[in-house]
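>>> Pasting the sequence and the predicted coordinates here, then a few questions.
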Amino acid sequence: MGCYEDRILPHIVKFTCGMPAMRKVRRTATAGLHGDIVEIGFGSGSNVGCYPADVTSVMAIEPSDTAWAMAEDAVADSPIPITRGGLDGQRLPFADDSFDAALSTYTMCTIPDLPAALAELRRVVKPGGTLHFLEHGSAPDEKVRRWQRRIEPAQKRLGGGCHLTRDIPALLTESGWDPVELEQYYATGAPKAFGALSIGVARAT
């Protein structure tokens, strides 16, 4: 990664995705998690403090050394053990059926090969396990989607490959995850092109 992606972008992501006002929705996304979980796109640790007490460990997947360093204090203070276990959600270095559940928040927009990452999560999560997600993506309204298509080329350059037009529920379904709980809405106070959210729980089919 270049200087911008490695040294500057993690601070921008922390500012935009780690605001205190977002803690409530993060707690909603993590509700029901239990046991050993794998979290892709751990970032600077914005979900630390939001995990339920039933979570026994978190295996963090994070490509950015800068973001991981920014998470150092949160990781050290967490009552739940957190370990950095890999750099790439598309190739997870774990045996099959290693985790009780998976977590992804504001991550599916940037993974280059999202179907590969979702397949990897299916592989490492135990049968009957779940994937909890909080993601932004394709808007429900065509007028907003037109703006998303116009803005996306610049967003991908400035946002480290962040896509605005990914249909997260459809991509989950196509990758063998059944969204058994799903809520979609526009985030309050955010431009609709950036704030079309999908939050829920998916189970491997």
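Yes, it's here.
>>> so what's residue 37 up against?
When contacts are counted by C-beta atoms under 8 Å, 6 or more residues apart in numbering, residue 37 touches 51, 55, 57-59, 99-103. Backbone N, C-alpha and C define where each C-beta goes, glycine included.
>>> Can you select the buried ones from those in ChimeraX?
Here is the ChimeraX command that selects the buried residues among the contacts of residue 37 (16 or more other C-beta atoms under 10 Å):
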select :51,55,57,58,59,99,100,101,102,103
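>>> Nearest to residue 124 among the contacts of residue 37?
residue 99 (5.6 Å; C-beta to C-beta).
>>> Name the nearest residue to the closest one, ignoring sequence neighbours.
Leaving aside its chain neighbours, residue 99 sits nearest to residue 38 (4.6 Å; criterion: C-beta to C-beta, 6 or more residues apart in numbering).
>>> before we move on, back to that, got CSV for the contacts of residue 37, with distance to residue 202 too?
Listed next are the contacts of residue 37 as CSV, based on distance: C-beta to C-beta, whole Å:
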residue, distance to residue 202
51, 18
55, 18
57, 21
58, 19
59, 19
99, 14
100, 14
101, 10
102, 9
103, 11
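>>> possible to save the contacts of residue 37 as TSV with pLDDT?
Output for these, formatted as TSV (pLDDT from 0 to 100):
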residue	pLDDT
51	98
55	98
57	98
58	98
59	98
99	98
100	98
101	98
102	98
103	98
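>>> Identify those among the contacts of residue 37 that sit within strands.
55, 57-59, 99-103 (DSSP state E).
>>> And those residues, which is closest to residue 118?
Closest to residue 118, out of all of those and judged by C-beta to C-beta, is residue 102, at 9.4 Å.
>>> wait, that closest one sits on residue 41?
No - at 10.9 Å, residue 102 and residue 41 do not qualify as touching, with contact defined as C-beta atoms under 8 Å.
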